[in-house]
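Trainee: would you be able to build a 3D model of this:
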Amino acid sequence: MRRRVAGNLFWMLAERGIQVTAGIGIVAMLARALGPEGFAHFQYAQAVVLIAASVALICGGEVVVPRLVATPSPQAQHRLLAHAFSLRIGGAVLGYLLMCGYLLLQRPAAETWAAALLLGIAILLREPFGIVVAWMQAHTNNRPNTLFSLASLAVKAGLVAALFAAGTHSVPGFAGAFAAEAVILAGLLALYYLTHAERGPLRYDFGLTRELMRNGALFWVSFMLMMGARRIDQLVLQPAVTLADFGAYAACMQILDNYTVVATILAAGVAPIYVYGKAEFATARANIARIAIGMTAIGLCGAILIAIGAPWIVQLLYGHAFSSSASLLRAAAVSSTLIFADVGLTLLPVYLRRPEWIAIKWGVVFGVTLAFDLVTVPAYGAWGAVGGYTAGNAVAVAFGLWLWRRSRKAPALAASSS
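Mentor: Residues are numbered from 1 along each chain as shown. You can find the predicted model right below:
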């Protein structure tokens, strides 16, 4: 069993590592092909899509996977998955419509509109068909999903490379490559489930739907607030600066997004053994502190290297046209260390099964980031957005430290929660 779990974790981590590496190459080709202004259109559309996509995260794996594990009957599992799929597809349609409504109000350039409509296809497909991923996880079999993800990623990378080699400068053209990835992945997941799962006749149960929605509501709110906090800076910044300045800031954040994914990979690798596998809360709590300190140290080392090599990194990935990104990257890289600390500290509410703590944290972070950006971005432009990025991450870490200290004073609450 341990070998199977270790193998499953290997496939999950391998997928993330390859996606990060490929993502860096894809973004580099995008930036060089589109230039600062075209890249700004693409990144703004992607920021809007990512926030809208969080609406489709209703009834996530945190709700579905444990219930699947506790439901051995294939027919009962199929019934549960069908109801979860209906919730997710409803959330996806709502997210896509909200995205369109926001763009109608903002009236961005035609290139942004077209890119958002194409990139938004992922909203309609990724989470609804991702229900198959939850089914695989419940069966400790993530290998097919990894292979499917890598296959669809390879198609996207190939299309982007072909467009780049052909000298294409079309923002919607590159967005179409991203949409193709979502379509292929959804098709492969659906085909796998239809050929491997036992299914039977279904009768829709509104009671089960309400139960799933209620159980996943806090996680859903948390995800939406988290995505809002991570992308609201770009929505505030875009109308306040030139396209070139926005493109420079977006390029900087794209590098850091790929870098900070390492924090999630590290946490996923160590948490099952050193945190979730500990029955005694005191031991788990102490390990969380050690993990948070270790991840902060790792994040700081990487951030220092990025800051030192910022001009070279920007030149290598994006070219001379994005040279103004280097100074932004140098400052924001050091701030990204806080994300490593936050991911480590977040293991505490996850261990205690307290999603409301996570929702409150992201609500506070979102509010602070938005308020900071609204005040500083009009006056300082991209540097104001870097300040908002730092302030939001600092608040997240401060909240995590407060929860960690509070848990020591309330061992009874901690024990009952675990």
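
Trainee: around the residue lying closest to F223 once chain neighbours are set aside, how many other residues sit close by?
Mentor: Distance criterion C-beta to C-beta, 6 or more residues apart in numbering; nearest residue to F223, sequence neighbours excluded, is L57 at 4.3 Å. The way it works is simple: take the backbone N, C-alpha and C, and place the C-beta from them, glycine included. Close neighbours of L57, defined as other C-beta atoms under 10 Å, add up to 24.

Trainee: contacts only, for L57.
Mentor: By C-beta atoms under 8 Å, 6 or more residues apart in numbering, the contact list for L57 reads G91, E127, F219, W220, F223, M224.

Trainee: among the residues you listed, name the buried ones.
Mentor: G91, E127, F219, W220, F223, M224 (16 or more other C-beta atoms under 10 Å).

Trainee: ok, now which ones touch the nearest residue to W220 once chain neighbours are set aside?
Mentor: Nearest non-adjacent residue to W220, counting by C-beta to C-beta, 6+ apart: I58, 4.6 Å away. Contacts for I58 (C-beta under 8 Å, 6+ apart) come out as L87, R88, G90, G91, M213, G216, W220.

Trainee: swap in A321?
Mentor: G35, P36.

Trainee: next up, phi/psi of it, please.
Mentor: As for A321, its main-chain torsions (degrees, to the nearest 10) stand at phi -60, psi -20.

Trainee: now swap in S73 and tell me
Mentor: Dihedral angles (degrees, to the nearest 10) for S73: phi -70, psi 120.

Trainee: least confident pick among the contacts of L57?
Mentor: Confidence by pLDDT is poorest for F219 among the contacts of L57, given 84.

Trainee: so how do I select the buried members of the contacts of I58 in ChimeraX?
Mentor: Listed next is the ChimeraX selection for buried residues among the contacts of I58, using 16+ other C-beta under 10 Å:
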select :87,88,90,91,213,216,220
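
Trainee: the contacts of I58 in helices, which ones?
Mentor: L87, R88, G90, G91, M213, G216, W220 (DSSP state H).

Trainee: which residue, other than its chain neighbours, is closest to the first one?
Mentor: In other words, L87. C59 (4.5 Å).

Trainee: just the pLDDT for the one you found.
Mentor: For C59, pLDDT reads 85.

Trainee: my guess is it contacts M213, does it?
Mentor: Yes. Counting by C-beta atoms under 8 Å, C59 touches M213, with 6.6 Å between them.

Trainee: contacting residues for the residue positioned nearest the centre of the chain?
Mentor: In the chain, the residue lying closest to the centroid (C-alpha atoms, centre = their mean) is M227, at 7.3 Å. Applying C-beta under 8 Å, 6+ apart, we find M227 in contact with L50, I51, A53, S54.

Trainee: between these, which is nearest H320?
Mentor: L50 (28.3 Å; C-beta to C-beta).

Trainee: go ahead and confirm that closest one touches R231.
Mentor: Yes. Using C-beta under 8 Å, L50 makes contact with R231 at a distance of 5.5 Å.

Trainee: what about A76, neighbour count?
Mentor: Neighbour tally, A76, other C-beta under 10 Å: 14.

Trainee: please identify the helix or strand for it.
Mentor: Element membership for A76 (DSSP states H and E) is helix 74-106.

Trainee: related to what we said a few turns ago, out of the buried ones among the contacts of L57, who's nearest L34?
Mentor: Closest approach to L34 among those (C-beta to C-beta): E127, at 27.5 Å.

Trainee: tell me the phi and psi of that closest one?
Mentor: According to degrees, to the nearest 10, E127 has phi -70, psi -40.

Trainee: if I look at it, how far off is S54?
Mentor: Relative to S54, E127 is positioned 9 Å away (C-beta to C-beta, to the nearest Å).

Trainee: can you check V132 too?
Mentor: Between V132 and S54 the distance, using C-beta to C-beta, works out to 20 Å.

Trainee: with V63 instead?
Mentor: As judged by C-beta to C-beta, V63 and S54 stand 16 Å apart.

Trainee: also G158?
Mentor: Distance from G158 to S54, by C-beta to C-beta: 29 Å.

Trainee: show me what the strand or helix carrying I358 is packed against.
Mentor: Using DSSP H and E, I358 sits in helix 355-380. In terms of contacts (3 or more C-beta pairs under 8 Å, 6 or more residues apart in numbering; DSSP states H and E), helix 355-380 is packed against helix 206-237, helix 347-351, helix 382-409.
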